[in-house]
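**Q** Would you be able to build a 3D model of this:
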Amino acid sequence: MREVYYKLRLPVDLVLLFVTGLLFAAGQLLIDLLYDPRYSAAGGFLQILALSLFTVRYGVAIQVYIALGTTRYVAVVNFVRFLSLYTLVPALFYLVGTQAVFWGVALHGLAMVPFIYYFNAKLGLVDLRRELIVLVALPIGFLSGSALNQLLAR
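**A** Next up is the predicted model:
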């Protein structure tokens, strides 16, 4: 099962991590290229929201839990995600303001990651080497986005 799990996750992880880094670095550039200056503020929001792609890659784990009949794991993960969204976002809005809401929306999914690793470990699905090796796509995406910024700024 672990081999199939990582075979499914590898391309998804690489693409999502690369795009996360790319958009975090070059989100403003993308908005500036696609839209007129009235929409310039959306660039910063896109950069922040790009971070939410980091946790999208764990959707494969949810599908595995359903396939294995461990739907209680799905319920726990969804409850944690729900709880983090509906506590973090209002708290950030109240304490910091509107800008912080985007950070809350982008990062609330990180609360479910420890639960996914715990459940995956119980199912024998964790391969730390594979989990770490794909993370190289994140800085590669960021460096690519930074290079695009430098290239197109000239």
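**Q** Mean confidence (pLDDT) on stretch 35-55, please.
**A** Across stretch 35-55, pLDDT averages out at 95.
**Q** residues in contact with it?
**A** Residues from elsewhere that reach stretch 35-55 (CB atoms under 8 Å, 6 or more residues apart in numbering): 16-17, 19-20, 22-25, 27-32, 102-103, 105-107, 109-110, 112-113, 138. In short, each C-beta sits where N, CA and C put it, glycine included.
**Q** Please state the offset of the longest helix seen in the chain from the chain centre?
**A** Under DSSP state H, the helix in the chain containing the largest number of residues is helix 2-34. Mean C-alpha position of helix 2-34 versus that of the full chain (CA atoms, centre = their mean, to the nearest Å) differs by 9 Å.
**Q** list the helices and strands it packs on?
**A** Identification of packing neighbours for helix 2-34 by 3 or more CB pairs under 8 Å, 6 or more residues apart in numbering; DSSP states H and E yields helix 41-49, helix 53-56, helix 59-67, helix 137-153.
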